[in-house]
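Student: next comes the sequence, and after it the predicted model I'd like to discuss.
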Amino acid sequence: MKLVIFSDVQGNYDILNDFFNSTAKLKKDEYICLGDIVDGNNPFKDNLCIQLVRENCRHALMGNHDEDFLKAEEGELKIFPDNLSYLKALPKTLTLSDQVMYHSSLVEDGKRLRSLEDYATELEFLSKNTNSQRVFFHGHSHIQAAYSYDLHHHKSTSYPTLPQVKLEKGKLYLFNPGGLGLYFGEQKSFLVYDTQEEVVTFYEYESFKHKSETAGVAVAFEERWHPSLQKDKIQWFFKYAEEDAKIIRQVLRENVLSDYLLSFNKDHYFRVGQRRKQEYLNEFSKNLAVLVNKLTFNLKDEFDIPAVV
């Protein structure tokens, strides 16, 4: 299974909604939220965040912001009754197969784990107080982190610069996906745990969003451009090509593809006969597919995108 794990939304509905849209084509099986869904400063957006987590996440946890939020008087919460009941019922810990997930720290509730010493203490505690679980996830500290604990040598190790961590036998692992809804310019991030391959992949959200939008080019080819490259739908192609070329230039900063989308020779197309029209469409479509494949080739392992032929 591929688990998309995120934490610390903190009422940031705009980012959370964008996150679910951007990860729609990411190869995954389920989402898990490690807590702090709400912030408490904007009940309207808090309510929307709870709703999105309810709709998209198979599992979610109680964070300190969620706990503090629920301490208010019932009439002050201004949350839909179903969403409020959902928030109240969230667990503090979650055990799934060989994984344990929680929000802050099992050694000291509410503690932010930041240093090697913090993680060494947490991992030593986990090694003595858990059963067969060997992979642990937490949030709260707002910083991506990956630490391991060698059960034989009783030594902790950090992985400060790796975008991926491959799990090894004889070790416990503790990961933090960072925060997804952070404000004030703090880095937004999440991770994906492939339970079959035993690999954890970290993502910085803005960089991931660019990759997601690039992957969308292949989808656009199949759903918007290619079906329109037919004689009876050519006006649709002109419409989509002009709109999408602007987005590709602005968002992806990809000029070759956007220029080719706009290079369709309308004068030639409308001047030649039916057979030549079809030949031109076939050639244009073939060249367009080549450009799309070049742009999205390295993303096919991560995203559910069509093979462009």
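Tutor: Cool, the structure landed.

Student: how close does Phe137 get to Asp98?
Tutor: 12 Å (C-beta to C-beta, to the nearest Å). Any C-beta I mention is one placed from the backbone N, CA and C, and that applies to glycine too.

Student: okay, the two: which has more neighbours?
Tutor: Phe137 (25 against 15; other C-beta atoms under 10 Å).

Student: for that one, what are its contacts?
Tutor: Ile5, Ile32, Leu34, Gln99, Val100, Met101, Tyr102, Leu174, Phe175, Asn176, Pro177, Tyr193 (C-beta atoms under 8 Å, 6 or more residues apart in numbering).

Student: can you redo those residues as TSV with neighbour count, secondary structure and pLDDT?
Tutor: Listed next are the contacts of Phe137 as TSV, based on neighbours: other C-beta atoms under 10 Å; DSSP: H, G, I helix; E, B strand; the rest coil; pLDDT from 0 to 100:
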residue	neighbour count	secondary structure	pLDDT
Ile5	23	strand	98
Ile32	22	strand	98
Leu34	29	coil	98
Gln99	19	strand	95
Val100	20	strand	97
Met101	27	strand	98
Tyr102	22	strand	98
Leu174	21	strand	97
Phe175	24	strand	98
Asn176	28	strand	98
Pro177	27	strand	97
Tyr193	23	strand	98
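
Student: just put those in a markdown table and tack on distance to Tyr13.
Tutor: Shown next, in a markdown table, are the contacts of Phe137 (distance: C-beta to C-beta, whole Å):
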| residue | distance to Tyr13 |
| --- | --- |
| Ile5 | 20 |
| Ile32 | 19 |
| Leu34 | 18 |
| Gln99 | 28 |
| Val100 | 29 |
| Met101 | 23 |
| Tyr102 | 24 |
| Leu174 | 29 |
| Phe175 | 26 |
| Asn176 | 23 |
| Pro177 | 19 |
| Tyr193 | 25 |
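
Student: closest to Ala120 out of those?
Tutor: Leu174 (10.0 Å; C-beta to C-beta).

Student: helix or strand: which one has Asp66?
Tutor: helix 64-70 (DSSP states H and E).

Student: care to break the protein down by domain?
Tutor: Here the domain parsing of the chain from automatic domain parsing is 2-197, 212-299.

Student: deepest of these, which one?
Tutor: Most buried of the domains of the chain, by mean neighbour count (mean count of other C-beta atoms under 10 Å): domain 2-197, with a mean of 18.

Student: okay, how far is it across that domain, tip to tip?
Tutor: Terminal residues of domain 2-197 lie 9 Å apart, using C-alpha to C-alpha, to the nearest Å.

Student: likewise for stretch 176-185?
Tutor: 19 Å.

Student: now do stretch 132-145
Tutor: Start-to-end, stretch 132-145 (C-alpha to C-alpha) is 22 Å.

Student: circling back to that earlier point, the helix holding Asp66: what's the following helix or strand?
Tutor: Taking DSSP H and E, what comes next after helix 64-70 is helix 81-88.

Student: check which helices and strands that next one is in contact with.
Tutor: helix 43-56, helix 64-70 (3 or more C-beta pairs under 8 Å, 6 or more residues apart in numbering; DSSP states H and E).

Student: wait, Ser132 sits on Asp98?
Tutor: Yes: with contact defined as C-beta atoms under 8 Å, Ser132 counts as touching Asp98 (6.5 Å).
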